[in-house]
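Chemist: Dropping the sequence and predicted coords here.
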Amino acid sequence: MTQKVDVRALANLARLEVSDEELARLEKEIPAILGFVETIQAVSGAAGEVAPEVRNVMREDVNPHESGIHTEELLSAAPSRKGDLVAVKQVLSRKK
């Protein structure tokens, strides 16, 4: 199906300067492009939704350790700390 597209009106809406040669070329090309888009839309709409496969991509922990046994060692390497937390300089301010 051939569609008539007013390329000059589209160019004006988009605030584009289009020469007469470009207008003639675009008037021939745009209906074909729109036809291609309609074909893609028809095919993609018929395909339906496909649920992605859900799987765990993490490796199994072969040597698990007790939680928190490395906390003190990690905090001692931090430049500054406040209790059991790493202290950092405030970079964002809160608006009141």
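Modeler: Sure thing, it's come through.

Chemist: where does the chain have its least confident helix or strand?
Modeler: Every helix and strand of the chain was ranked by mean pLDDT, DSSP states H and E. The lowest is helix 20-47, at a mean of 85.

Chemist: How far off centre is that helix?
Modeler: Centroid separation for helix 20-47 versus its chain: 25 Å, with CA atoms, centre = their mean, to the nearest Å.

Chemist: tell me what that helix is packed against?
Modeler: helix 7-13 (3 or more CB pairs under 8 Å, 6 or more residues apart in numbering; DSSP states H and E). For glycine as for every other residue, the C-beta is placed from the backbone atoms N, C-alpha and C.

Chemist: If you count neighbours, what's buried in the helix it packs on?
Modeler: Applying a neighbour-count criterion of 16 or more other CB atoms under 10 Å, one finds Val7 buried in helix 7-13.
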